[in-house]
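Student: One predicted model, sequence on top.
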Amino acid sequence: MLTWDDFRVVKAIAERESLADAAVTLDIDEATVSQNLAWIEQRASESLFERDGQRCTPTPRGAEMVRLAERLAAEVGEFERRLHGTPGDGQNFVTGVVPIETIMARSGLEFL
């Protein structure tokens with residue numbers, strides 16, 4: 001059975017496009033990410049990423065898992081907002097890691 005952590009790992013790999021970069025995002029070492037992905041793919045009974053050297057591209061099933069992980073993250077964010085009574089603006093609060101490209105495209109003040 002897959003767990004939320006499995007979805008987080010797959011989402012991080014897809015967002016960062018490599019095991020090494022996903023390891024940085026997840027704050028674990030690359031070998032652990034690789035081992036976790038192998039276990040996840042074994043439980044899923046299929047490959048979730050095409051590997052081309054260091055680059056990882058989601059397969060259709062991997063992309064489906066990423067979309068589900070994004071929805072789960074949004075739902076958890078919405079739940080936390082309601083739980084803590086934070087007024088909403090009608091938009092989903094998304095939790096997770098901001099891609100480095102998004103950060104670098106803005107000044108520090110704009111990003112905050």
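Tutor: Perfect, thanks for sending it.
Student: Report the strands that pair with the helix or strand hosting R51, each with its relative direction.
Tutor: Assigned by DSSP states H and E, R51 belongs to strand 49-52. Sheet pairing of strand 49-52 (DSSP bridges) gives strand 55-58 (antiparallel).
Student: can you pull the buried residues of the partner strand?
Tutor: Under the neighbour-count criterion of 16 or more other Cβ atoms under 10 Å, strand 55-58 has C56, P58 buried. The C-beta positions use only the backbone N, C-alpha and C, and glycine is treated the same way.
Student: Kindly report the same for stretch 42-51.
Tutor: Neighbour-count burial for stretch 42-51 flags L48, F49 (criterion: 16+ other Cβ under 10 Å).
Student: Show me the contact partners of that stretch.
Tutor: The contact list for stretch 42-51 (Cβ atoms under 8 Å, 6 or more residues apart in numbering) reads 1-2, 6, 10, 13-14, 37, 40-41, 56-59, 61-62, 65.
Student: L26: which of those is nearest?
Tutor: Looking at the contacts of stretch 42-51 and their distance to L26, the nearest is I13, at 9.0 Å (Cβ to Cβ).
Student: ok, that closest one - how many residues close by?
Tutor: Neighbour count of I13, defined by other Cβ atoms under 10 Å: 28.
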